[in-house]
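>>> Sequence and predicted model, in that order:
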Amino acid sequence: MNPQLLRILPEVILTVTGVLIMLIDPIMPRAATRKSMGWLAVLGTLLALFASIQQLHLAPGTAYFNTVQTDAFSGFFHILIAGIVLTSLLVTLDTVTNDQENLGELFALTIFGAVGSMLMTSAVELLLIFIALEISSISSYILAGFRRHSAKGPESSIKYFLLGSFATAFFLYGIALVFGATGTTRIGLIAAQLPGSTTPLIATLGVGMILIGLGFKVSAAPFHVWTPDTYEGAPSPIVGMMSTAPKAAAFAVLLRILFVSFPTLYAHWQPLVWWMAVLSMTIGNLGALKQRNVKRMLAYSSIANAGYLLVGFTALSTDGVAAAAFYTVTYAAMNVGIFAVISHVGGYEDRLTTVQDYRGLGYRSPLMGGAMAFFLISLIGIPFTGGFFGKFYVFAAALHSGLVWLAIIGLINSGVAAFYYLRLLAAIYSKPSENMPLEQMPRIQISMLFALLLTVVSTLMLGIMPGRVLSAARAASLTFGIQGSSMTTAHPPMLDVETKATVVQ
Amino acid sequence: MYVVLFFIFAALCVAGALNLLLQRHPINSALSLIVVMVSLAVLYLLLGAEFLAAAQVIVYSGAIMVLFTFVIMLLNAGEEDRAKSTSRVASAAGFPGVVALVCLLSYVYLSEKVHLGTTALGDQLVSTSALARVLFRDLLLPFEVTSVLILIAILGAVALARKEQN
């Protein structure tokens, strides 16, 4: 096979699957169910997953005039995104009814969104990143509005779309400024051009703009305002995917851009990321405390989680990158899992909305209640769950880099977060009062069982033996080759901490 | 000559953009947008980017604006009601935010003025063949991937706008 094609094989497989779904859907009889399209999408995602794993055996390298690069880093995120999309498709298959409208389009858009997210993680050309980001975002905007009968659906979609386009403009302007300062849009070349640039101030402004654009995509404060409304109005299985796959991709892009292109501007972007992390954690957790609606609460929780993740960014070290990459995996496992439960018990049209509606879930459906309780425990960050190690590595990386205050603020926030997670947990295991709407519990289908199995096992394994994922995250972070030469001269104390940390290891 | 043309069309462009924001009727705003697009095309031409200028006129002033106008006509959109649409957040945070951004950008550009390169109006900056080489060789993959982007845009428009079947 064409060696260049191998480097974009997962994306090609997914694109072909998406096009196939679009072609078969109109041929099928009008009354026939489109669920088979979902299984076709599952098949395509599985093939893409295998192709991504195969890419790991390829020697790291670039293709198509140095616009894409496959290495341990892109492979790590490719496999993660394929896993998320696979699980979300299984959840969607369980949640939707047979005569659901626009079902074929729903599956096709999910698949195309995955193409964009995957391409973002392997692109090393800013223009390709921009187009991949748009593919991923536009499919999310559309999917967010798929509950057309509820007034919340279009509201969710239009808010996401308008604010998202605004953020994209910032991202694009940032790229233009960086190009103006360095004369290139290749991520690797920017770092080489930057020291010789006569206009470093313009490059710095460009980094700031890129940070705003991507900060919006990962719903980091102060660019988070769209999140609660969008999550509330979008169909639950879509929210599970939307809050993890495109975000993981955006974090991967942010890592690549900040650590490969702009390590020399560390002194400028680090305070910005520091503030974004602190604001996201604080606003997210305080906002979640006030919420009665479960999906809105989890939306604020995702803002807070974006904050924890950004903590990993502030430490310019291989440990920080590895911690951030590991955190995306743990967050994806528990968040896709909890939204799988919400999708199942609430259905596509959200029958259950408030915390009160979840009263007695543990009695009515021990499996669903138990799974939800487990994910909540992981979200709190109790040991023997993935959530614990995710937070542990992120804060450890921050401490190693001497960012003590950031770690303290993060730990206080984790404590605050426990309150609202525990409130939902208590509701699940409190005796249900009479005439609650939980009677009609839908039958658990095989696809939902698979999805639950995948998410529960991965959350558990990440908490018991995180070694394999951690070593993969470490291998991914090593591809950046963070030397610490130029930035450590700007921050002499950090050099000591860094070297000490490596000596200890 | 070039400088005179530049100032005429730059002023026209800014005036068109302001008019676009201030007009109440959507069709007036759409027509002002055409003025902005065409003046921009002239500015591109002054900088020697003839292909970009032609594409600007054909794609934006031609295709996209015709579509805009059609949509406005079909929806029969009337004059917007200003009284209801004033947002307190927009005036309290939005306008100062825009002013701050413009100040920041002007500060950066002015402070880096000596280092920024210069060019004379009317110089040939980039040839169409050089542009083609970048677009169809170096950026081949982004160019091809754009087709996926357009595909999902069409798919989404159909899915969201389709009438219910039953």
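Done, it's in. Because the structure is a prediction, the values reported are computed rather than measured.
>>> Looking from chain A, tell me which residue of chain B is nearest.
B:Gly156 (3.5 Å; CB to the nearest CB). All C-beta spots, glycine's among them, are computed from the backbone N, C-alpha and C.
>>> give the contact list for whatever residue of chain A ends up closest to chain B.
Nearest to chain B in chain A, going by CB to the nearest CB, is A:Ile142, at a distance of 3.5 Å. Counting by CB atoms under 8 Å, 6 or more residues apart in numbering or on different chains, A:Ile142 touches A:109, A:157, B:152, B:155-156, B:159-160.
>>> Can you verify my assumption that the residue of chain B closest to chain A contacts A:Ala108?
No: using CB atoms under 8 Å as the test, B:Gly156 is too far from A:Ala108 to be in contact (9.9 Å).
>>> Buried among the contacts of A:Ile142? Need that as a selection in ChimeraX.
Buried residues within these, by 16 or more other CB atoms under 10 Å in any protein chain shown, are selected in ChimeraX with:
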select /A:109,157 /B:152,155,156,159,160
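>>> Please flag which of the contacts of A:Ile142 sit within strands.
Among the contacts of A:Ile142, none falls in strands (DSSP state E).
>>> a markdown table please, covering the contacts of A:Ile142 and showing distance to A:Leu9.
Below are the contacts of A:Ile142 laid out as a markdown table (distance: CB to CB, whole Å):
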| residue | distance to A:Leu9 |
| --- | --- |
| A:Leu109 | 21 |
| A:Ser157 | 32 |
| B:Ile152 | 20 |
| B:Leu155 | 23 |
| B:Gly156 | 26 |
| B:Ala159 | 28 |
| B:Leu160 | 31 |
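>>> Tell me who's in contact with the nearest residue to B:Ile152 once chain neighbours are set aside.
In this structure, B:Ile152 finds its nearest non-sequential neighbour in A:Phe112, 4.8 Å apart by CB to CB, 6 or more residues apart in numbering or on different chains. A:Phe112 is in contact with A:14-15, A:18, A:135, A:139, B:148, B:151-152, B:155, counting by CB under 8 Å, 6+ apart.
>>> ok, now with 7 Å
By CB atoms under 7 Å, 6 or more residues apart in numbering or on different chains, the contact set of A:Phe112 is A:18, A:135, A:139, B:148, B:152.
>>> And the closest residue to the residue of chain B closest to chain A other than its chain neighbours, how close does it get to A:Phe130?
With CB to CB, 6+ apart as the criterion, B:Gly156 has its nearest non-adjacent residue at 3.5 Å, and that residue is A:Ile142. From A:Ile142 across to A:Phe130, the span is 19 Å (CB to CB, to the nearest Å).
>>> ok now do A:Val115, which residues does it touch?
Per CB under 7 Å, 6+ apart, neighbours of A:Val115: A:11, A:14-15, A:135, B:148.
>>> now whichever strand or helix holds B:Leu18, how far from the centre of its chain.
Element membership for B:Leu18, per DSSP states H and E: helix B:2-22. Mean-position distance between helix B:2-22 and its chain equals 13 Å (CA atoms, centre = their mean, to the nearest Å).
>>> Need the per-residue pLDDT for A:Pro383.
Note on A:Pro383: pLDDT of 88.
>>> That one looks like it's in a helix, true?
No: applying DSSP: H, G, I helix; E, B strand; the rest coil, one finds A:Pro383 to be coil, outside a helix.
>>> Tell me, how many residues neighbour it?
For A:Pro383, the neighbour count with other CB atoms under 10 Å in any protein chain shown is 11.
>>> Look up phi and psi at it.
The phi/psi pair for A:Pro383 (degrees, to the nearest 10) reads phi -50, psi 160.
>>> that older thread, could the C-alpha coordinates of the helix holding B:Leu18 be exported in PDB?
Extracted in PDB, the C-alpha atoms of helix B:2-22 (Å, rounded to 0.1, in the frame of the first residue of the first chain):
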ATOM      1  CA  TYR B   2      -2.200  53.900  -6.300                       C
ATOM      2  CA  VAL B   3      -2.300  55.700  -3.000                       C
ATOM      3  CA  VAL B   4      -5.400  57.700  -4.100                       C
ATOM      4  CA  LEU B   5      -7.100  54.400  -5.200                       C
ATOM      5  CA  PHE B   6      -6.100  52.800  -1.900                       C
ATOM      6  CA  PHE B   7      -7.600  55.600   0.200                       C
ATOM      7  CA  ILE B   8     -10.800  55.700  -1.800                       C
ATOM      8  CA  PHE B   9     -11.400  52.000  -1.500                       C
ATOM      9  CA  ALA B  10     -10.200  51.600   2.000                       C
ATOM     10  CA  ALA B  11     -12.600  54.300   3.100                       C
ATOM     11  CA  LEU B  12     -15.400  52.700   1.000                       C
ATOM     12  CA  CYS B  13     -14.600  49.400   2.700                       C
ATOM     13  CA  VAL B  14     -14.800  50.800   6.200                       C
ATOM     14  CA  ALA B  15     -17.900  52.800   5.400                       C
ATOM     15  CA  GLY B  16     -19.600  49.800   4.000                       C
ATOM     16  CA  ALA B  17     -18.700  47.700   7.100                       C
ATOM     17  CA  LEU B  18     -20.100  50.400   9.400                       C
ATOM     18  CA  ASN B  19     -23.200  50.700   7.300                       C
ATOM     19  CA  LEU B  20     -23.700  47.000   7.500                       C
ATOM     20  CA  LEU B  21     -23.800  47.100  11.200                       C
ATOM     21  CA  LEU B  22     -26.000  50.200  11.500                       C
END
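>>> which strands and helices sit next to it?
With contacts taken as 3 or more CB pairs under 7 Å, 6 or more residues apart in numbering or on different chains; DSSP states H and E, helix B:2-22 sits against helix B:26-46.
>>> what does the helix it packs on rub up against?
With CB under 7 Å, 6+ apart, helix B:26-46 has contacts from B:2, B:5-6, B:9-10, B:12-13, B:16-17, B:19-20, B:23, B:52-53, B:56-57, B:60-61, B:65, B:68-69, B:72, B:77, B:121-122.
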